[in-house]
Each structure stands twice: as C-alpha cells, then as structure tokens.
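[1] starting from these lines, generate the structure:
(chains A and B)
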Amino acid sequence: MIASKNRIKESYGDKVFLTFIYILLTAVLIVILYPLVYIASASLSSPLAVSSGKVWLWPVNFSLAGYEAVFRNPQVVLGYANSFFYTIFGTLISTTLTVLVAYPLSRRSFYGRNVLMIFIVITMLFNGGLIPEYLIVKQFGMVDTRWALLIPKAIAVWQIIIARTFFQSTIPDELVEASELDGCSDLRFLGSIVLPLSKPIIAVVALMYGIYQWNTYFDALIYLKTQALYPLQLVLRNILILNTVSGGNIDAAELLKRRDVADLMKYSLIVVACLPVLVVYPFIQRFFVKGMLIGSVKG
Amino acid sequence: MKSFKKHWQFYLVLIVPVLYFVIFKYIPMAGVLIAFKDYSVVQGVFGSPWVGDKQFRLFFENPQAWILVKNTLFISLYQIAVSFPLPIILALFLNEIRNGWFKKTVQMVTYAPYFISTVIIVSMLIMLLSPRLGVVNHLLGFFGIHEINFMGEPSLFRSIYVWSDAWQNTGYSAVIYLAALAGIDPSLYEAARVDGASRFQKILNVDLPGILPAATIILILSVGNLMSVGFEKIYLMQNPINLSQSEILATYVYKMGLLNANFSFATAIGLFNSIINLILLVAVNALAKRISGNALW
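    Numbers count the residues shown, from 1 in each chain, chains lettered A, B, ... in the order given. Okay, here's the model as predicted:
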C-alpha cells in the first residue's frame, strides 16, 4: 500500500516512450510471424490460389494437395527417415562423448585436467580448414558412408564447456568424498549419481546436438554421393533451391498446372521439414536459454 | 601418480575422445602443410613435393582474388553493422516491458526462427521473393510497385543476406543481453528513479553500461570471425546472376578444393583466410582492452 502511494508517477515523456516501445515490438512480432504464417497458409491452399497470388494471410480454397505431393515423393520420405537416423544416433554418440570428457574435467582431483582442457580449447581457435579435414575423413574410408555425418563433428567444444561448468557447480565435493569412502568407483558414481542429478544439462546438450544434426546440410553435401543416404536437408536443397534458380522463363500452358502443384508442394515441404523442431520447440525453448546462460558464465 | 591410480577409469574412458581430437582436429591442423606443397593423392600429405608460396602467388596474381576478399569483407562488415546493435536494442526494449504475457510472447516468437535450418531459410527467401509467385512481389504490386527479381539482382544480394540473418538470429542473440540486464544491481535503478531519471535516461546511464562487458566480448568475437561469414547460407543463395557479389573466399575454397580437386590451392586460400581472422582477433582484443578494459584475455 505504502509503496504504491510513494511510487513516482510516470512522466508524460515516459508514457510516450513506452508506447513507442510497444508499437515497435508489435511490429517486430508481425515481421517475424508473417512469413511463417504465410507459408503455413499457402501450404493448405489450392495450387491455383497460391500461384495466382490470392493467398496473403489465411488459406484460400483449403486443400491438402501439397501435402499429398510431399508424401508421394519417395526422396522426401527416405530423407525424412535418414534424418531421423542421423539425429538419433548422432545425438547419442555426441552426448555420450561430451559427458565422458566433461565429467573428468570437472573433478579437481583429476590430474591433467588443465592440460586436457587446453588441448581441447585450442581446437576452438585453430583448425585445419575444409580441405585437410576432408582428406582425413576420406583416409578413414568414411566418405559416402553414414559414419561421415556421425563421427567427424561428433564433439563440440562449446558443449563440453557447458557440461563441465554445470558439473562443477552442482555436484558437491562432499558427495564425491562420501561415495569414495563407500568404495564407489568413478564410473559408477558418474552413472548412478551424477547423471540423475544432471538431467537438465544433459537435455540441453542433447537438444543442441539433435537440432544441429536435423538442420545441417553441409557435411552431407561434401561427404555423401549416394542419394539413398541423403538427409532431409540435402533432399530439400535439391527440390527447393536447385529447381528454382532456372525459373523465370515463359511457360507453356499445359505445363502450368503441373508446375502449380510442384510450387505448392514446396510450401508443404517446408512445413513438414520444420514439424519435428516445431513440436519440441515449446519444451526446448527454456532449456536452450538455460544452456546459453550456463555457457556464458566463465568456467 | 596417486591420481592416476585413483582415477584410472577416467584415463581409460578419455582415450576415445582424445583420439577423436587428435584425428579430426590436430591431424588436419598439420594437414595445412599442403598449402605449401603440390598435393597429389598418390604421394599423400608428407610425400608431396614442397613448392613454397607458389599456391599463394597463384591466388593473388589472379585479379579475382581481390574481388573475393572484397566481397567477403563487405558482407561481414555489413552484417556486423546490423546484427551487433539489433539484439542490444531488442533486449533493452524488452527489458522495459512489465507486462509478462506480452514480453514472453515477443521473446518466444523472436527466438523461434533460430531453429529453422539454413536450407529452409534460403528456400523461403527464394520462394517469398520470387518475381512470379512470391508474396512480397504480390504485396508490392498491391501498392503499385513493379515486380522486382530480388534474387537475380546482384546489388540486393548483401542486403537480403544480412537482413534475413537479422530476422533469424536477433531474438536468439538478445538472450545474452537480457541475462546481463537481469543481473544489474537493483539499487542502481532506485538511485536513478530518486534522481528523477526518465526511462530513456535510465536505459542510457544504467542499462547500457550494465551490458557493455557482454557487448564488448561479442563484438570482439564477431570481428575475429570477420572473414568466416556463413558459407552454408551464402552457398545456397548463390546463382549465376548474383555471383559477382556472392562469391566469397569460403565458397571459392569449396569449389576449387572439393569440386575441382585443387587441394593445395584451396588449402592455401583457407589458410590465408584464417590468418587474417587471427590477426583481426588479436588486434581488436588489444584495442578493446585499451579502450574499455574488457577483453577476451
């Protein structure tokens, strides 16, 4: 009561400024949402409505023709399955390795942790570059195999730093000492005490690796030749980007209709490709924020 | 040695990750040597003959080299000019909002595009900006503006790249500043209020100094990466028409090295690129240290 009475009244200028902020942020909301809403709406409209420019916000002449075309395309279905494979196994490998490095690094009694940390951080500052990395992967016979997408980029140094910082700040030394007295080995302690206590950070690390695997196309582009191994993003590139560059010529009339469906399919394809990330987004958003903040604390 | 006996399991478990770093990170670093060699697949990295700076001379004698350097630099500088201040402004403004529901919505929405893949972002650009089908041209037509072939206009390439990047990443980059703002000592706000500071003065004198350390670090890091603008996105945005503006060092390295199998030449260009990055990083870090006292090291 007293506090609210004593509050200094907002001046006129402040009110104007605050209104300006609200208007600006609303404009930002619209600018970011509009393309996304448009694509979702276009994907649910009839081919003709999209190509003739009748869609501008909501679906026109509701139709699922685009989605039918997407799911009838064997390349897309295969790419989808491949991407799930790469995402699941890539995340599994990466997360396991990251925890196995980060945990020993977080233990003060572990001799050599500083040297090891420097050894790892150096790879953040210097790298061999594209060609030498490619040559190594080739030498190991991984080119054009699924391994090429799972192994060469398996560990991200940043994730090690995040996980290590978390372990260091949440696992009390007393707990380690107590379990050592009880004769608990290091790995057993990691498996039955550290991991259950570190679920949030493991979720963050796994999600970051998972999103990376789902979204990346570059490694697939340089290492894979066999189409059957392509992840979804590379399939998308072939359908969505390589096809459109040559566009812009005058079309024969009979080609027009088929082209309309093909164009519509692109909108549906984008929605389908974003779906897995979209479904988990509300859950992961706060995890990601947390992960970024832990990472930014100097370890 | 006591530690070794006590933690033998750790050392055992660490063998795999250490091997990973040696094989996929350190050996490629040594592989940079082929920039000074004439690499042939048969002779391998160590068997190929030394040629000194031949690959570098070959690159710089080509007039295209400077176009590549210029394109790379201009895109990066443009990008820093846009994507450095925008997240700060967004965070400062979001910080003024007391309405929890509105603030959460803006944060959630601005953060979302970060999770969209590069392939899809570029596809969206091509589709939405297309002259015949794109909604942007339909909307422009509504205002009587003649249709523009955005992706086929070399002079628009940089702007499309930079602003679509801002669209995608501003919300994500603002998170770090929001955290810094949340950490500002509340007594500073009270003092400002007692002194009769307006909202704007409070932003200028309390908020901005509060996020300055974080901003400095981020600026140093982005200048240190000046020459490594996103290959992934630019490569996808390239088409034969906009190549004069969109060919950068990284895409050239990819084309020369992996598509034309010119391994040594491409490695030399890549090395040139990373050396410039390193020099910039060290220089900016020293500069920031002298001016503001905040620096990476």
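[2] for the rest of this, base every contact and every neighbour count on C-alpha atoms.
    Noted.
[3] give the helix, strand or coil label for A:I131.
    Secondary structure assignment for A:I131 (DSSP: H, G, I helix; E, B strand; the rest coil): helix.
[4] for it, report the pLDDT, please.
    pLDDT, A:I131: 86.
[5] what do you get for A:I294?
    For A:I294, the predicted pLDDT is 66.
[6] now swap in B:R199 and tell me
    Taking B:R199 on its own, its pLDDT is 85.
[7] right, and it touches A:D14 too?
    Yes - at 5.8 Å, B:R199 counts as touching A:D14 under the criterion of C-alpha atoms under 8 Å.
[8] which one of these two has more residues nearby?
    B:R199 (19 against 15; other C-alpha atoms under 10 Å in any protein chain shown).
[9] do I have it right that A:L234 meets A:D219?
    No - assessed by C-alpha under 8 Å, A:L234 is found out of contact with A:D219, at 9.7 Å.
[10] tell me which of these two has more neighbours.
    A:L234 (24 against 16).
[11] now the residue positioned nearest the centre of chain B. Nearest residue, chain neighbours left out?
    Residue closest to the mean C-alpha point of chain B, counted by C-alpha atoms, centre = their mean, is B:V229 at 5.1 Å. Among residues not flanking B:V229 along the chain, B:S76 sits closest, at 6.2 Å (C-alpha to C-alpha, 6 or more residues apart in numbering or on different chains).
[12] try A:L234
    Spatial nearest neighbour of A:L234, excluding adjacent residues (C-alpha to C-alpha, 6+ apart): A:Y217 at 5.6 Å.
[13] can you name the next helix or strand after the helix or strand of chain B with the lowest mean pLDDT?
    In chain B, no helix or strand scores lower on mean pLDDT, DSSP states H and E than helix B:2-6, which sits at a mean of 71. Tracing the chain C-terminally past helix B:2-6 and defining elements by DSSP states H and E, one meets helix B:8-21 next.
[14] what comes up buried for that next one?
    The neighbour-count check on helix B:8-21 (16 or more other C-alpha atoms under 10 Å in any protein chain shown) flags B:F10, B:Y11, B:L14, B:P17, B:Y20, B:F21 as buried.
[15] and the fourth one, what pLDDT?
    Right, B:P17. 91.
[16] does it touch A:P104 like I think?
    No - the criterion here is C-alpha under 8 Å, and B:P17 misses it with A:P104 at 11.9 Å.
[17] check the buried residues of helix B:8-21 against chain A, which are close?
    B:F10, B:L14, B:P17, B:F21 (C-alpha under 8 Å from any C-alpha of the partner chain).
[18] could you find the closest non-adjacent residue to B:V135?
    Of all residues not flanking B:V135 in the chain, B:L128 sits nearest, at 5.3 Å (C-alpha to C-alpha, 6+ apart).
[19] which residues touch the one you found?
    Residues near B:L128 by C-alpha atoms under 8 Å, 6 or more residues apart in numbering or on different chains: A:P35, B:G134, B:V135, B:V136.
[20] which stretches of the chain have low pLDDT?
    No chain was given, so I picked chain A. Where chain A drops to pLDDT under 70, the residues are A:1-9, A:244-259, A:288, A:290-299.
[21] my bad, the chain I had in mind was chain B
    If you take pLDDT under 70 as the line, chain B has these spans: B:1-3, B:296.
[22] which single residue of it ends up nearest chain A?
    In chain B, no residue comes nearer to chain A than B:M29, which is 3.9 Å away by C-alpha to the nearest C-alpha.
[23] my guess is that residue contacts A:G128. True?
    Yes - B:M29 is within contact range of A:G128, at 3.9 Å (criterion: C-alpha under 8 Å).
[24] the two: which is more packed in?
    Higher neighbour count among B:M29 and A:G128: A:G128, with 23 against 18, using other C-alpha under 10 Å.
[25] who's in contact with that one?
    Here A:G128 is in contact with B:K25, B:Y26, B:I27, B:P28, B:M29, B:A30, B:G31, B:V32 (C-alpha under 8 Å, 6+ apart).
[26] what does the stretch 51-200 of chain A have sitting close to chain B?
    A:51-53, A:56, A:97, A:100-101, A:104, A:109-111, A:120, A:123, A:126-133, A:136-137, A:152, A:186-187.
[27] can you map out the helices along the stretch 51-200 of chain B?
    B:54-61, B:64-83, B:85-96, B:100-111, B:118-128, B:135-142, B:157-182, B:186-194, B:199-202 (DSSP state H, counting those that start in this stretch).
[28] any idea which of those helices is most buried?
    Highest mean neighbour count among those (mean count of other C-alpha atoms under 10 Å in any protein chain shown): helix B:118-128, with a mean of 22.
[29] from B:Y114, how far out is A:G66?
    Per C-alpha to C-alpha, to the nearest Å, A:G66 is found 25 Å from B:Y114.
[30] more neighbours, these two?
    More crowded of A:G66 and B:Y114, by other C-alpha under 10 Å: A:G66, with 25 against 18.
[31] check contacts around the nearest residue to the more buried one once chain neighbours are set aside.
    Spatial nearest neighbour of A:G66, excluding adjacent residues (C-alpha to C-alpha, 6+ apart): A:M265 at 4.3 Å. Shown in contact with A:M265 (C-alpha under 8 Å, 6+ apart): A:S43, A:A65, A:G66, A:Y67, A:A69, A:V70.
[32] count the neighbours of the last one for me.
    Put plainly, it is A:V70. 21.
[33] isn't it up against A:V271?
    No - using C-alpha under 8 Å, A:V70 is not in contact with A:V271, being 10.4 Å away.
[34] quick one: residues contacting B:Q107.
    B:Q107 neighbours (C-alpha under 8 Å, 6+ apart): B:G171.
[35] just give me the residue closest to the centre of chain A.
    A:I211 (2.4 Å).
[36] phi first, then psi, for that residue.
    The phi/psi pair for A:I211 (degrees, to the nearest 10) reads phi -60, psi -40.
[37] for A:D14, see how far away it is.
    Taking C-alpha to C-alpha, one finds A:I211 at 42 Å from A:D14.
[38] same thing with B:G144?
    39 Å.
[39] identify the residues contacting residue 69.
    You didn't say which chain, so I picked chain A. Contacts of A:A69 (C-alpha under 8 Å, 6+ apart): A:V261, A:A262, A:M265.
[40] ah, I was thinking of chain B
    Going by C-alpha under 8 Å, 6+ apart, the list of residues near B:V69 reads B:I248, B:L249.
[41] if we use 10 Å, what do you get?
    By C-alpha atoms under 10 Å, 6 or more residues apart in numbering or on different chains, the residues touching B:V69 are B:M227, B:E247, B:I248, B:L249, B:N273.
[42] got the phi and psi for the second one?
    Note on B:E247: its backbone torsions stand at phi -80, psi 120 [degrees, to the nearest 10].
[43] just list the residues touching it, thanks.
    B:Q64, B:I67, B:L68, B:V69, B:K70, B:N71, B:T72, B:F231, B:I234, B:Y235, B:Q238, B:N239.
[44] and the gap between it and B:K233?
    12 Å.
[45] from the stretch 1-150 of chain A, which residue is nearest to chain B?
    Counting by C-alpha to the nearest C-alpha, the stretch 1-150 of chain A gets nearest chain B through A:G128, at 3.9 Å.
[46] what about that residue, which SS state?
    At A:G128, secondary structure determined by three-state DSSP is coil.
[47] now do the contacts for residue 274.
    No chain specified, so I'll use chain A. A:C274 sits next to A:W214, A:N215, B:F115, B:I116, B:S117, B:I120 when contact means C-alpha under 10 Å, 6+ apart.
[48] wait, chain B
    If you count contacts by C-alpha under 10 Å, 6+ apart, then B:S274 has A:L125, A:F126, A:N127, A:G128, A:G129, B:G224, B:N225, B:L226, B:M227, B:S228, B:L280 around it.
[49] any idea which element it lies in?
    Assigned by DSSP H and E, B:S274 belongs to helix B:263-292.
[50] most neighbours of all the contacts of B:S274, which one?
    Tallying neighbours with other C-alpha under 10 Å puts B:M227 at the head of these, with 27 neighbours.
[51] what's the closest non-adjacent residue to the residue of the stretch 151-299 of chain A found nearest chain B?
    Residue nearest to chain B within the stretch 151-299 of chain A (C-alpha to the nearest C-alpha): A:N215, separated by 4.7 Å. By the measure of C-alpha to C-alpha, 6+ apart, the closest residue to A:N215 outside its immediate chain neighbours is B:S117, 4.7 Å from it.
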